[in-house]
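Asker: just the structure for this:
(chains A and B)
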Amino acid sequence: MIRLALGLTLTLLLVGGEASAADAPAGKAIFDHNCAPCHAKGPGHAGTQRLAQIRGPANAALEDRTDLSADYVRLVVRHGLVEMPAWRLTEINDAELNQLAQYLARAK
Amino acid sequence: MKQILPPGISATDFAEALQALRKIVGDDFVYTGEALAGYADPYSIVADDDTHAASAAVAPASTGQVQAVVRVASQYGVPLWPVSCGKNYAYGGASPRMAGTVVLDLKRMNRILEVSESDGYALVEPGVSYFDLYNHITSKGYKLWLDVPDPGWGSVIGNALEHGVGYTPYGDHFAMQCGMEVVLANGELVRTGMGALPNGNTWQLFKYGFGPYLDGIFTQSNFGIVTKMGIWLMPEPPGYRPYMISFQREEDLEQVVDILRPLKVGSVIQNAATIRSLLLVAAVNATRSQYTDKPGPLPDSTLRKIMADQDIGMWNIYGALYGPPPVMDTLWTVIRDSFAKVPGAKFYFVEDRKRENDLLISRADTMRGIPRLSEFSFVNWTGGGGHIGFSPVSPIRGSEAMKQYTMVRDRMHEYGFDYMSIFAIGWRELHHVVELLFDRRDPKIKHQADVLFRQLVRDAAAAGYGEYRTHLSYMDDIAATYSWNDHALMKLNQTIKDALDPKGILAPGKQGIWPARYRGSPK
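Answerer: Presented below is the predicted three-dimensional model:
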């Protein structure tokens, strides 16, 4: 059920713009530590590669996406999504997750 | 979300136990309900999602807290399942074997306690990942190399305890560990080897200390909780040259393995080299749907097209040379001339590989200890994320490799799955690590994969092969195949278990070892 909900929320949830400029450096650091090994731009990143396969190259790199809302990022990180496993509170706590979510949802 | 309790523990007692745990670690570090989502195995093969469901998780921040948690668990009879970074994917992730077990999440214990550049070792806690240790070493500028498995997000301690492998000359991770600190089931703290010597300075330098060598009993086991471990690090060599050799025919595997054995045993091949099957290499770059929309085994014409598209072989060796350039030149001459005897063999260095996601490019990192997650993309071959490893061991002998290959390939094709594998070369044996991919969203395919897996275990055992590691769901099945002399080894494991953990607190069911209180009851 969660996976169904995730599929729907991808199209229904808000577009970005929830972040303040001050959150970006912290969010970027959290992204680099936790997410970049799979989701950084360029070749050699399994998540980026998968998103290019199923959603097209324009939607492959999370940091370039303009359709991610903070709520959606939080949902996917905590529950996983198909190939991606869920992340535990000991790996990324709620405060860090909020900073990450705001970074990915920021206006671009 | 329905509440799952440890077997035999009332809701009232469990609530009381959790409250006692909160007093030790703090309210923010005992998890229940929705916060347990990350403790479910995302790639579970079983249809019943509760089979390996945790009742709660507790995350201590220090060894002292681990000791206190164990004492509370013992008082209330609450079973604990220790995980380090929880990334043991394909084998269960952060899930416990038995439903209702409380996960003891050690991720917060993430201190790198020491790195000795001169002596070449690190002393770490369980929550230290390969990424963490690599970043620390590079930030300090130490001339040391780590040895990493394919995915770098896992725990240095956890991987060694599970007998994981990497790809530099230090690829046998447990062989490279030196000295442990262990919390026993009664809460007592023990240091192994030279660590038992007060004020000693050789804990990470000499494994054996004085008396029985005990470190092995704390690996793939449930006899204690490892809270510190030493790991040897390789001095940065003066030169490094990764290579790939491809072979064109299925039957070449036999000749390739027979050529490889004396090269490996004689240290001409210096690292933990691997032979990778066509589809495992192809899957890093491509998806099945690019080649067919039909189920069932891929026809030979399609396999040939994949080989041509990606300039890869039916089998592909990934290895590396280490040392001063003249040494590498000499070793390469021997290796190249040896494998040139196989008709159609092709030899490549990194500069020969032009595709942006080519496997040799990422392996050039992993074979020098730079952690990556690139090869996780192999799960994209069919999509759906599910994957599980079937890992029988054989001698480094061509006839044995071919026998294992044909046995497993035919079964996988019979059940409608693609064959993809790694033959990882150890000092005297081959780990044949077969990857079984499935869509985690499709219960029918998961059931089919489950039936196939159990058949593979039986096939392997009948042929005299045992697996070196397995997913939670198959620990009992595989433990039962190690049955010589009326299961004498399991009886010994149970004797040790009962002596060290009489209340059956630690990791019930790990590797098929059940404490007395759960033995014989259905799980």
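
Asker: how about B:Phe374: what's its closest non-neighbour residue?
Answerer: To be clear, residue B:374 is Ser; Phe isn't right here. Excluding its sequence neighbours, the residue lying closest to B:Ser374 (CB to CB, 6 or more residues apart in numbering or on different chains) is B:Ser362, at 3.9 Å. Quick note: C-beta positions are derived from backbone N, CA and C, even for glycine.

Asker: what's the distance between that neighbour and B:Asn199?
Answerer: Plainly put, B:Ser362 is 44 Å away from B:Asn199 if you go by CB to CB, to the nearest Å.

Asker: who has more neighbours out of these two?
Answerer: B:Ser362 (22 against 4; other CB atoms under 10 Å in any protein chain shown).

Asker: which SS class is the more buried one?
Answerer: Assigned by DSSP: H, G, I helix; E, B strand; the rest coil, the conformation of B:Ser362 is helix.

Asker: contact partners for it?
Answerer: Taking CB atoms under 8 Å, 6 or more residues apart in numbering or on different chains, we find B:Ser362 in contact with A:Gly44, B:Val284, B:Arg372, B:Ser374, B:Glu375.

Asker: thought B:His431 was touching B:Gly466?
Answerer: No: at 11.3 Å, B:His431 and B:Gly466 do not qualify as touching, with contact defined as CB atoms under 8 Å.

Asker: overlap of the contact sets of those two?
Answerer: By CB under 8 Å, 6+ apart, the residues touching both B:His431 and B:Gly466 are B:Val393.

Asker: which of those two has more neighbours?
Answerer: B:His431 (22 against 16).

Asker: gap between the more buried one and B:Ala160?
Answerer: 15 Å.

Asker: and if you look at B:Thr287?
Answerer: For B:Thr287, the distance to B:Ala160 - CB to CB - is 34 Å.

Asker: which one's more surrounded, these two?
Answerer: B:Ala160 (26 against 17).

Asker: would you agree that one is in contact with B:Ile231?
Answerer: Yes: counting by CB under 8 Å, B:Ala160 does reach B:Ile231; the two are 6.6 Å apart.

Asker: who touches both of those two?
Answerer: B:His173, B:Met176, B:Gln177.

Asker: ok, and which of these reach chain A?
Answerer: For chain A, no contacts are drawn from these by CB under 8 Å from any CB of the partner chain.

Asker: and those residues, which of them are buried?
Answerer: B:His173, B:Met176, B:Gln177 (16 or more other CB atoms under 10 Å in any protein chain shown).

Asker: is it possible to get TSV of those residues that adds pLDDT, secondary structure and distance to B:Leu278?
Answerer: Compiled in TSV, these are given as follows (pLDDT from 0 to 100; DSSP: H, G, I helix; E, B strand; the rest coil; distance: CB to CB, whole Å):
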residue	pLDDT	secondary structure	distance to B:Leu278
B:His173	97	coil	28
B:Met176	98	coil	31
B:Gln177	98	strand	34
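
Asker: in CSV: those residues, plus distance to B:His487.
Answerer: Formatted as CSV, those follow (distance: CB to CB, whole Å):
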residue, distance to B:His487
B:His173, 28
B:Met176, 31
B:Gln177, 28
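
Asker: which one of those is nearest to chain A?
Answerer: Distance to chain A, by CB to the nearest CB, is smallest for B:His173 among these, at 19.8 Å.

Asker: leaving out sequence neighbours, find the closest residue to that closest one.
Answerer: Nearest to B:His173 is B:Ala160, by CB to CB, 6+ apart, at 4.1 Å.
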